[in-house]
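**Student:** Got a predicted model here, sequence first, then my questions.
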Amino acid sequence: MSQQDDAAFSFNTRLLTLEPGMYILRYASQLPDKEVCLISLQQAPLGKGTIDFFPGETVVRNTLARLGDCIVARVKNGLSTLLVTEYQSKTNSITHTVDLRIDRIDTSAAIMRTEKSPAINCDVNLILPNAANADVPLSQVLPLFGYIETLGEVSSCEWLGSASEVAGINGFAIFWPNKPQGVDIAYSCAYGDTKMPTVLSGNFVGCCDRSTDPITSITMTLVGPQSNRFKLDAQVAFANEKLRTLQSGQEVSASQRQSKLVAIRVTIVPSSEINAARYTSPWDKETPAKTICT
């Protein structure tokens, strides 16, 4: 609570039952500077399942405090109950609606490839989502989850890892909330000469083991009949090297063969925005909070 006295807050609680699966929970409101509303997420002692929380790097004690804060939650072994506690400042009343957005990663039969789906040459059977809304959305920074040596499991709504650090990424997953119909992102990685199978959004590639060597090359591409309506705008960084732009379908490796991957950022841009000017580097200045986890 930013070292503020607990007595300065009032609170409300509510319970939410979640089925087994993967969820992304995000703070989806932007309040004036003087207004404070914190959303704390914990598992309630109800239900037979368990909830594992993987908070973003800006989240402390599973508490969402500002626009863009996010947590990836894994529900397993049965129904589980989420305890949502909302803390509001008594000094400055809240004049705006505060939203907690919860998106579930669809793993049902609705995402299966149809007979009309084109065959794509890839290491796995690529699937085409059956999203209800096929309209082209605005540019979207995709949430990431990964395993970083010395840190373990980490999730982020912006950068996974950091170009200024030396801790390598051993494995990662890319999530695409509200993915339009007919497009997906396929990605893979390699450890030296060992290449991993290609997977689609929501799936983990690599390893989640501290003893595993970090990733030394990475590949991403957009797939599906509607992929031409979008552009992949991704940046990666390898240890002690400059930021690199990842071109769709091309493998990116470190200049020094054994340099390890330390940072990833993935953005999906509609084709109508392809010619728009973009910043020189996301490391030059802080990205506005309103662009995080859109």
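**Tutor:** Nice, I can see it.
**Student:** got the contact list for stretch 52-64?
**Tutor:** 1, 25-27, 38-42, 65-66, 68-74, 76, 100, 145, 153-157 (C-beta atoms under 8 Å, 6 or more residues apart in numbering). Using the backbone N, CA and C atoms, a C-beta is placed for each residue, glycine as well.
**Student:** 7 Å instead, please
**Tutor:** 27, 38-42, 69-74, 145, 153-157 (C-beta atoms under 7 Å, 6 or more residues apart in numbering).
**Student:** Please enumerate the strands of the stretch 1-150 of the chain.
**Tutor:** 9-18, 21-27, 37-47, 50-55, 63-64, 70-76, 80-89, 100-104, 140-141, 144-148 (DSSP state E, counting those that start in this stretch).
**Student:** Columns mean pLDDT on top of those, output as a markdown table?
**Tutor:** Output for the strands of the stretch 1-150 of the chain, formatted as a markdown table (pLDDT from 0 to 100):
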| stretch | mean pLDDT |
| --- | --- |
| strand 9-18 | 80 |
| strand 21-27 | 87 |
| strand 37-47 | 88 |
| strand 50-55 | 92 |
| strand 63-64 | 90 |
| strand 70-76 | 90 |
| strand 80-89 | 86 |
| strand 100-104 | 82 |
| strand 140-141 | 88 |
| strand 144-148 | 90 |
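**Student:** Among these, which comes closest to P177?
**Tutor:** Among the strands of the stretch 1-150 of the chain, strand 100-104 comes nearest to P177, with 4.4 Å by C-beta to C-beta.
**Student:** packing partners for that closest one?
**Tutor:** Secondary structure elements in contact with strand 100-104, counted by 3 or more C-beta pairs under 7 Å, 6 or more residues apart in numbering; DSSP states H and E, are strand 21-27.
**Student:** Just the buried residues of the strand it packs on, please?
**Tutor:** Using 16 or more other C-beta atoms under 10 Å as the test for burial, strand 21-27 gives M22, Y23, I24, L25, R26, Y27.
**Student:** next one: stretch 176-194
**Tutor:** 176-177, 179-180, 182-191.
**Student:** ditto for stretch 142-162
**Tutor:** Buried residues in stretch 142-162, defined by neighbour count with 16+ other C-beta under 10 Å: 142-149, 153-161.
**Student:** Return the distance of the residue nearest the centre of the chain relative to T267.
**Tutor:** The C-alpha lying nearest the average C-alpha coordinate of the chain belongs to P143 (C-alpha atoms, centre = their mean; 1.4 Å). Per C-beta to C-beta, to the nearest Å, P143 is found 11 Å from T267.
**Student:** remind me which residues of this structure are low pLDDT?
**Tutor:** In the prediction, the chain carries residues with pLDDT under 70 at positions 1-9, 90-97, 106-138, 209-212, 257-258, 272-294.
**Student:** Please parse it into its domains.
**Tutor:** For the chain, automatic domain parsing gives the domain ranges 6-104, 110-291.
**Student:** So what pairs up with the nearest residue to L15 once chain neighbours are set aside in the strands?
**Tutor:** Computed as C-beta to C-beta, 6 or more residues apart in numbering, the closest residue to L15 that is not its neighbour in sequence is T81, at 5.4 Å. As for beta bridges, T81 partners with T17 under DSSP bridges.
**Student:** Over to E86?
**Tutor:** In this structure, E86 bridges to N12, I39 when assessed by DSSP bridges.
**Student:** One more: F204?
**Tutor:** Beta-bridge partners recorded for F204 (DSSP bridges): A173.
**Student:** if we can go back for a sec, I'd like the strands of the stretch 1-150 of the chain written out as TSV, with distance to A237 added.
**Tutor:** As requested, the strands of the stretch 1-150 of the chain are exported to TSV (distance: least, C-beta to C-beta, whole Å):
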stretch	distance to A237
strand 9-18	35
strand 21-27	24
strand 37-47	30
strand 50-55	21
strand 63-64	27
strand 70-76	21
strand 80-89	35
strand 100-104	27
strand 140-141	16
strand 144-148	13
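**Student:** Check the gap between L261 and R229 for me.
**Tutor:** Following C-beta to C-beta, the distance that separates L261 from R229 is 29 Å.
**Student:** and these two? which has more neighbours close in?
**Tutor:** Neighbour tally, L261 and R229, criterion other C-beta atoms under 10 Å: the higher count belongs to L261, 30 against 16.
**Student:** I'd say the more buried one and T219 touch.
**Tutor:** No: when contacts are counted by C-beta atoms under 7 Å, L261 is not listed as touching T219 (11.7 Å).
**Student:** Sort out which residues of stretch 244-252 are buried, please.
**Tutor:** Applying 16+ other C-beta under 10 Å to stretch 244-252 flags R244, L246, S248, V252 as buried.
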